[in-house]
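Colleague: Turn this into a structure:
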Amino acid sequence: MRRHRRAKIVATVGPASSSPEMLKALLLAGVDTFRLNFSHGTQSDHARVHAEIRKLEQEVGRPIGILMDLQGPKIRVGTLRDGKITVAAGETIRFVLSGSDGDKSAIPLPHREIFAAVAPGHDLLIDDGRVRVRVAGLGDDFIEAKVIVGGTISNHKGVNLPGTVLDLSPLTTKDRLDLEFGLKLGVDWVALSFVQKPSDIIEARGLVGDRAGLMAKIEKPAALERIDDIIQLCDAIMVARGDLGVEIPDEDVPGRQKELVRACRLAVKPVIVATQMLDSMVAAPTPTRAEVSDVATAIYDGADAVMLSAESATGRYPREAVEMMDRIIRSTEQHKMYRSIVEATQPGEEQTPPHAVATAAADLASVIHAAAIVAYTSSGTTAARVARKRPSLPILAITPSREVSRRLCLLWGAHSVLSDDVGSYEEMVERATALAHAEQFASSRDLLVVVAGIPFGQAGSTNNLRVVSLP
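Modeller: Reported below is the predicted structural model:
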């Protein structure tokens with residue numbers, strides 16, 4: 001089960017991949033973390049998949065990460081009189097809060113928070129931006145808008161408001177019920193949709209606590225304006241390019257992706273690049289060359305993980321999609337340009353002892369051609385500090401926490417191993433040597449660089465570095 005690559009693969013489970021046989025096939029093909037999308041399926045469906053993944057974990061003897069992705073608020077138009085209406089550029093139409101006739105003069109938009117927050121000049125994007133209208137005037141219960149891009153508006157199509165910050169919690173009643181259900185199951189990560197501001201993360205943290213890692217999905221322009229604060233408050237970031245690409249210009253998405261990856265590396269937080277990575281493989285056994293390049297770009301950017309959505313959830317070729325993503329990552333990481341590009345985008349060093357020790361471990365291991373870096377980590381922080389440097393050799397992350405070992409399945413370069421905590425310096429060296437040999441990271445006369453925090457078991461205290469020669 002050792003991966004011969006550093007970046008990780010996240011795959012969404014759905015009808016195409018929820019059977020025990022397919023879950024195992026996807027794991028063997030390269031999946032490190034499985035995503036349960038609570039926008040679809042029932043709680044009992046997700047509970048069954050969760051149980052199958054945990055059985056699979058026992059079978060293969062390796063930790064497997066499970067990410068639950070909450071649905072979040074869904075803003076939609078209501079029911080139209082004839083099921084749909086066609087609007088043309090230049091027309092003026094009206095949205096109403098209630099009492100709708102369902103025609104152009106009274107399109108139902110049953111979301112009071114929109115009427116409270118929108119202002120003249122703001123845009124409303126309907127059906128993933130296929131129809132764009134601009135607010136010209138408004139009252140307490142109506143919005144007059146001019147059609148900028150015409151098209152068809154049908155029942156219950158989604159509405160995006162890129163220039164408007166809504167006074168809306170990212171956690172709906174459904175999300176709160178799903179969240180408690182998922183935490184009781186024992187998911188490792190919770191992905192929060194519709195994040196607009198730091199207080200959204202604080203609200204979710206109050207419910208999640210330390211029972212799972214909290215991941216912010218970046219899909220709203222408002223989140224980009226407060227991104228540094230959001231990154232500091234959460235445990236990981238997902239660059240949700242599909243929804244983000246609806247609300248910001250398409251041509252801005254690649255640059256934003258690079259900014260987010262770099263910001264997460266600087267903050268020592270894992271970052272997933274997601275959405276439409278191998279989208280043509282939903283229906284075809286091979287991707288387009290542009291999609292291959294897209295995945296490779298995320299790897300060159302230094303992303304911790306890349307994600308499959310419909311490709312593995314509902315596509316015709318879920319195993320092939322995972323195999324393709326695995327091959328792209330390995331090929332990219334082995335390319336002669338990879339190391340120079342990743343090092344060129346290395347964020348500035350944090351001038352603190354723990355970061356300095358982790359950086360020194362990565363540099364020293366490279367200079368002496370060590371077989372691996374062994375990171376003792378009770379919370380995952382020491383391993384993350386080493387991974388931030390994106391070293392050229394693997395990171396063997398030893399942790400006494402089963403939950404941490406599973407969360408590390410998202411961290412770049414980390415091969416997590418569950419082991420009892422050590423109590424002495426000598427035991428640290430002996431355990432590192434034995435596990436590096438057992439996990440086939442090192443053999444006789446190889447060198448290891450061991451990094452840890454002393455006293456042992458104290459989270460975040462990266463302060464010790466040791467070079468070990470295997471007998």
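Colleague: Endpoint to endpoint, stretch 141-159 covers what distance?
Modeller: Taking CA to CA, to the nearest Å, stretch 141-159 runs 17 Å from one end to the other.
Colleague: Any buried residues in that stretch, and which?
Modeller: Neighbour-count burial for stretch 141-159 flags 142-143, 145, 147, 149-151, 153-154, 157, 159 (criterion: 16 or more other CB atoms under 10 Å). For every residue, glycine as well, the C-beta is placed using N, CA and C.
Colleague: pLDDT below threshold where in the protein?
Modeller: Residues of the chain that meet the criterion pLDDT under 70 lie in 349-350, 457, 460.
Colleague: who does the helix or strand hosting Glu144 pair up with?
Modeller: Following DSSP states H and E, one finds Glu144 within strand 142-149. The pairing partners recorded for strand 142-149 under DSSP bridges are strand 92-96 (antiparallel), strand 131-138 (antiparallel).
Colleague: So which of those strands is nearest Gly61?
Modeller: strand 131-138 (52.1 Å; CB to CB).
Colleague: any idea where the helices of the stretch 201-350 of the chain begin and end?
Modeller: Along the stretch 201-350 of the chain, counting by DSSP state H, counting those that start in this stretch, helices occupy 221-225, 227-233, 241-247, 253-267, 289-301, 310-313, 318-334, 338-344.
Colleague: how about the ones you listed in CSV, adding distance to Pro63 and mean neighbour count?
Modeller: Formatted as CSV, the helices of the stretch 201-350 of the chain follow (distance: least, CB to CB, whole Å; neighbours: other CB atoms under 10 Å):
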stretch, distance to Pro63, mean neighbour count
helix 221-225, 30, 19
helix 227-233, 25, 17
helix 241-247, 28, 19
helix 253-267, 22, 18
helix 289-301, 23, 18
helix 310-313, 20, 26
helix 318-334, 18, 21
helix 338-344, 25, 14
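Colleague: For Asp69, find the nearest of those.
Modeller: Nearest to Asp69 among the helices of the stretch 201-350 of the chain is helix 310-313; the distance by CB to CB comes to 10.9 Å.
Colleague: packing partners for the closest one?
Modeller: Applying 3 or more CB pairs under 8 Å, 6 or more residues apart in numbering; DSSP states H and E, one finds that helix 310-313 contacts strand 8-13, helix 318-334.
Colleague: Might you calculate how far stretch 189-199 sits from the centre of the chain?
Modeller: 11 Å (CA atoms, centre = their mean, to the nearest Å).
Colleague: still on that earlier bit, right, and the strands paired with strand 142-149 - which one's nearest Gln257?
Modeller: Closest to Gln257 of the strands paired with strand 142-149, according to CB to CB: strand 131-138, at 23.3 Å.
Colleague: in that closest one, what counts as buried?
Modeller: For strand 131-138, the neighbour count (16+ other CB under 10 Å) marks 131-133, 135, 138 as buried.
Colleague: returning to what we had before: which one of the helices of the stretch 201-350 of the chain lies nearest to Val77?
Modeller: Val77 lies closest to helix 241-247 among those, at 15.4 Å (CB to CB).
Colleague: what's that closest one packed up against?
Modeller: Short answer (3+ CB pairs under 8 Å, 6+ apart): helix 241-247 packs on strand 159-160, helix 253-267, strand 271-274.
Colleague: Go again with 10 Å.
Modeller: With contacts taken as 3 or more CB pairs under 10 Å, 6 or more residues apart in numbering; DSSP states H and E, helix 241-247 sits against strand 123-126, strand 159-160, strand 213-218, helix 221-225, helix 253-267, strand 271-274.
Colleague: Could you point out which of those sits nearest Phe181?
Modeller: The closest of the helices and strands packed on helix 241-247 to Phe181 is strand 213-218. By CB to CB, the value is 16.4 Å.
Colleague: What pairs with the closest one, parallel or antiparallel?
Modeller: Its sheet considered, strand 213-218 pairs with strand 189-192 (parallel), strand 236-240 (parallel) by DSSP bridges.
Colleague: ok, now which ones touch Gly213?
Modeller: Gly213 is in contact with 65, 67, 187-191, 234-236, 269-270, 380, 403-404, 406-407, 410, counting by CB atoms under 10 Å, 6 or more residues apart in numbering.
Colleague: Report how many residues lie close to the nearest residue to it once chain neighbours are set aside.
Modeller: Setting aside the residues directly before and after it, Gly213 is nearest to Asp235 in space (CB to CB, 6 or more residues apart in numbering), at 4.1 Å. For Asp235, the neighbour count with other CB atoms under 10 Å is 22.
Colleague: what do you get for Asn464?
Modeller: When neighbours are counted by other CB under 10 Å, Asn464 registers 17.
Colleague: For Ala145, see how far away it is.
Modeller: Plainly put, Asn464 is 62 Å away from Ala145 if you go by CB to CB, to the nearest Å.
Colleague: picking up where we left off before, which of the buried residues of strand 131-138 lies closest to Ser280?
Modeller: Val131 (25.6 Å).
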